[in-house]
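Participant: Give me the fold of what follows.
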Amino acid sequence: MAKTDRLIPAKESVYLHGPKPRINEFLFAWDIFVQFIHGFRTLHFVGPCITVFGSARFKEDHPYYAISREFGKRIAGLGFTTMTGGGPGTMEGANRGAFENGGVSVGCNIKLPHEQYPNPYMQKWITFDYFFVRKVLLIKYSYAFIILPGGFGTMDELFNTITLIQTKSLTDFPIVLFGREYYQPLMNVIEMMIDKGTISPEDKNLVLLTDDIDEAMLHIRTFIDKHYAVRPRRKLWWLFEKR
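Facilitator: Reported below is the predicted structural model:
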């Protein structure tokens, strides 16, 4: 096979499988641009957020659903907007806690092969086609991050956020790992990384591991009170932004 030949996948099921015709690449880039602009316009005025990450698999009777619901309530009590991935499980719990206690509740949902529908406890949400676009929006408007137990997606969001903070690409916002039993093995891996020299000892301080909601919220509030004063954004009529 010549080097200029192009491998054609048996089924067009993913978007990262090598070069496509140039028009397809342009349309792909345009689609990403449109989704970012839509996300920016949808979320620009939702107010400062705290993002809650966690598993979509926990049902309403699961203890972590109740904990996420309490976090949503506490975030609303701080006057912040609760941001989640917009789906079920702990995402729904956090949105519900905010929604039921007079807070602002928003989400960044994602289209999946087995459709993930937005939960009913949000005043505003947007559904994305691409995980990487969604991750940018989940981080962009938030001043703290609460990580409840979750799977691959939650780990992706956690380490993406830690990496951005570690590399100074993102402000040193608080990251709370909630669930000592669940996350202690991960903290052991982080200690191993320190021992092997792949991260710095101070990188461990980027996260707070706790089982205490009061401790988690105090950690977040202390940081915000020390560094920020919230000012409302001004809406511009000539950008068709509603007053």
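
Participant: For the nearest residue to T171 once chain neighbours are set aside, I want the exact helix or strand it lies within.
Facilitator: Leaving out its chain neighbours, the residue that sits closest to T171 by Cβ to Cβ, 6 or more residues apart in numbering is I165, at 7.5 Å. C-betas here are computed from N, CA, C, even on glycine. I165 is part of helix 152-166, with elements assigned from DSSP states H and E.

Participant: For the helix or strand just after that helix, could you pull out the residues that count as buried?
Facilitator: Toward the C-terminus, helix 152-166 is succeeded by strand 175-178 as the next helix or strand (DSSP H and E). Using 16 or more other Cβ atoms under 10 Å as the test for burial, strand 175-178 gives 175-178.

Participant: Turn those into a markdown table, columns for pLDDT.
Facilitator: Below are these laid out as a markdown table (pLDDT from 0 to 100):
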| residue | pLDDT |
| --- | --- |
| I175 | 98 |
| V176 | 98 |
| L177 | 98 |
| F178 | 98 |
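
Participant: quick one: low-confidence ranges for the protein?
Facilitator: Low-confidence regions of the chain, defined here as pLDDT under 70, cover residues 1-16, 115, 229-243.

Participant: which secondary structure elements does the longest helix seen in it contact?
Facilitator: Of all the segments assigned as helix in the chain under DSSP state H, the longest by residue count is helix 22-43. Packing partners of helix 22-43 (3 or more Cβ pairs under 8 Å, 6 or more residues apart in numbering; DSSP states H and E): strand 124-128, helix 131-140.

Participant: Report how many residues lie close to K73.
Facilitator: Each residue near K73 was counted by other Cβ atoms under 10 Å, and the total is 20.

Participant: Could you check how far it is from F45?
Facilitator: K73 is 23 Å from F45, where distance means Cβ to Cβ, to the nearest Å.

Participant: Now do the buried residues in the longest helix of the chain.
Facilitator: Judged by neighbour count (16+ other Cβ under 10 Å), helix 22-43 contains these buried residues: 32, 35-36, 39, 43.

Participant: Kindly report the same for stretch 90-102.
Facilitator: Buried positions in stretch 90-102, judged by neighbour count with 16+ other Cβ under 10 Å: 90-99, 101.

Participant: likewise stretch 52-62?
Facilitator: By neighbour count, and taking 16+ other Cβ under 10 Å as the criterion, the buried residues in stretch 52-62 are 52-56, 58, 62.

Participant: who touches it?
Facilitator: Where contact means Cβ atoms under 8 Å, 6 or more residues apart in numbering, the residues beyond stretch 52-62 that reach it are 64-65, 68, 71-72, 75, 82-85, 87-91, 93-94, 116, 138, 145-151, 153-154, 157-158.

Participant: ok, now which ones touch the residue nearest to F36 when sequence neighbours are not counted?
Facilitator: Of all residues beyond its chain neighbours, the one nearest F36 is V133 (6.2 Å), with distances taken as Cβ to Cβ, 6+ apart. Counting by Cβ under 8 Å, 6+ apart, V133 touches 32, 35-36, 39.

Participant: Adding distance to M187, write those residues out as a markdown table.
Facilitator: What follows is these, written out as a markdown table (distance: Cβ to Cβ, whole Å):
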| residue | distance to M187 |
| --- | --- |
| I32 | 35 |
| Q35 | 35 |
| F36 | 34 |
| G39 | 33 |
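
Participant: Let me know how buried H227 is, in neighbour terms.
Facilitator: A count of nearby residues for H227, using other Cβ under 10 Å, gives 11.

Participant: Could you do K20 as well?
Facilitator: Per other Cβ under 10 Å, the neighbour tally for K20 reads 14.

Participant: Assign a three-state SS to it, would you?
Facilitator: Three-state call for K20 (DSSP: H, G, I helix; E, B strand; the rest coil): coil.
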